[in-house]
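**Student:** everything below, folded, please.
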Amino acid sequence: MASIYDFAAKTLQGKEVSLAAYRGKPMLIVNTASKCGFTPQYEGLEALYKAHQEKGLVVLGFPCNQFGAQEPGSEEEIGAFCEANYGVTFPMFAKIDVNGAGAHPLYGFLKQEQAGILGTRNIKWNFTKFLVNRDGKVVGRFAPTTKPADIEQAIAKVL
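**Tutor:** Numbers count the residues shown, from 1 in each chain. Next up is the predicted model:
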């Protein structure tokens, strides 16, 4: 059976990072976009990261252009946007697909582990959030409309 630690992804800078590097740390994994109505959630995600980083929480951002072409930029442009507009310091990865035949294997795993509303598997929009506990188990899935501050209690349980 696959584990979250079996997956790797490229950072915005093109470096391959294994999720095993985050073993023992709670993770909040989010598909992001720079031109979405939910883009201001970067601010809340950064606030969660800063508030809980010392306790081990890591937020991982995965830009995706599959929803309304709302992430059209290059990796360099995405990084510059996130830093300049929201002061993002949490790890950001290269643009990926989260649905369909070209979906990143990590997202295949996340969707299998934690279904959405009414048992749906596909990601519905940008800023869907998956919470992973210290043991690597996916323990929560939150809709794009769920503000980062509204998952503070769930995060507290995995810290």
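
**Student:** quick check: which element contains the most centrally placed residue in the chain?
**Tutor:** Nearest to the geometric centre of the chain sits residue 30, at 1.9 Å (C-alpha atoms, centre = their mean). Using DSSP states H and E, the element containing residue 30 is strand 27-32.

**Student:** please save the CA atoms from that strand in PDB.
**Tutor:** What follows is strand 27-32, C-alpha atoms only, in PDB (Å, rounded to 0.1, in the frame of the first residue of the first chain):
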ATOM      1  CA  MET A  27       1.100  18.600   6.500                       C
ATOM      2  CA  LEU A  28      -1.500  20.800   5.000                       C
ATOM      3  CA  ILE A  29      -1.400  20.200   1.200                       C
ATOM      4  CA  VAL A  30      -3.200  22.700  -1.000                       C
ATOM      5  CA  ASN A  31      -3.700  23.200  -4.700                       C
ATOM      6  CA  THR A  32      -3.300  26.900  -5.300                       C
END
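
**Student:** dihedrals phi and psi, residue 75?
**Tutor:** Main-chain dihedrals, residue 75, degrees, to the nearest 10: phi -60, psi -40.

**Student:** circling back to that earlier point, I figured the residue nearest to the centre of the chain hits residue 63, correct?
**Tutor:** No. Under the criterion of C-beta atoms under 8 Å, residue 30 is not in contact with residue 63, lying 9.8 Å apart. For the C-beta atoms, the positions are set from N, CA and C on the backbone; glycine is no exception.

**Student:** which non-adjacent residue is nearest residue 26?
**Tutor:** Residue nearest to residue 26 in three dimensions, not counting chain neighbours: residue 158, with 4.1 Å by C-beta to C-beta, 6 or more residues apart in numbering.

**Student:** ditto for residue 132
**Tutor:** Nearest residue to residue 132, sequence neighbours excluded (C-beta to C-beta, 6+ apart): residue 27, at 4.1 Å.

**Student:** again with residue 126
**Tutor:** residue 33 is the one closest to residue 126 (C-beta to C-beta, 6+ apart), at 4.0 Å.

**Student:** quick one: contacts for that neighbour?
**Tutor:** Residues counted as contacts of residue 33 (C-beta atoms under 8 Å, 6 or more residues apart in numbering) are 39, 63, 64, 65, 67, 70, 71, 126, 127.

**Student:** try 10 Å
**Tutor:** By C-beta atoms under 10 Å, 6 or more residues apart in numbering, the residues touching residue 33 are 39, 42, 63-73, 78, 95, 125-127, 144.
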